Structure formats: C-alpha cells, structure tokens
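Q: build the 3D model from these lines:
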Amino acid sequence: MSEISLDARGLICPLPVLRAKKMLNGVPPGGELTVLATDPSSVSDFQAFCRQPGLELVEWAEDAEGVFRYRIRKTG
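A: Reported below is the predicted structural model:
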C-alpha cells in the first residue's frame with residue numbers, strides 16, 4: 001500500500017483540499033494520503049471532498065495544538 005503525506009498547515013480553505021486533490025492524482029488505488037491542516041473549516045471540506053466516488057475518509061482527528069490529521073484512501 002502506498003502512503004504519502006501533505007503538510008497543508010497554515011493554508012486556508014479551499015487550498016488544503018485543492019492540494020490534496022492534486023496529490024491524490026498520483027496515488028494508486030488502495031493508497032493513502034495523510035493531510036495535516038490547521039484551518040478549522042477543513043473538517044467539513046474534507047468530509048464533503050471524500051464523499052465523491054473513489055475516495056474514503058478513513059479517519060480524522062485534531063491534536064492538542066489544533067492540527068487536524070486526515071487519512072484519505074483512494075479506493076478507485
């Protein structure tokens with residue numbers, strides 16, 4: 001399984017999702033992208049983004065410093 005990371009901390013909507021979309025183009029099916037972001041609106045952005053066919057939001061969490069971590073799997 002392929003896993004890559006994107007550091008989108010400090011970027012505001014819609015940049016984290018746009019950069020994730022671009023990086024996912026190079027991820028094979030079954031691969032994962034981990035995204036770090038600090039924009040609180042990224043939670044709803046990534047939930048909506050991962051509703052499209054071929055993507056799964058495996059998990060997301062916020063740490064004590066306010067950094068959100070999203071794990072996205074490319075399913076198709």
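
Q: show me what contacts Phe46?
A: Neighbouring residues of Phe46 by CB atoms under 8 Å, 6 or more residues apart in numbering: 16-17, 20, 35, 37, 57, 60, 70, 72. (C-beta placed from N, C-alpha, C; glycine too.)

Q: filter those to the buried ones?
A: 16-17, 20, 35, 37, 60, 70, 72 (16 or more other CB atoms under 10 Å).

Q: how about those residues in CSV, adding pLDDT?
A: Below are these laid out as CSV (pLDDT from 0 to 100):
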residue, pLDDT
Pro16, 98
Val17, 97
Ala20, 98
Val35, 98
Ala37, 98
Trp60, 98
Tyr70, 98
Ile72, 98
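
Q: which of those residues fall within strands?
A: Taking DSSP state E, the ones among those that sit in strands are 35, 37, 60, 70, 72.

Q: wait, which of the buried ones among the contacts of Phe46 is closest to Ala48?
A: Ranked by distance to Ala48 (CB to CB), these are led by Val17 at 8.4 Å.
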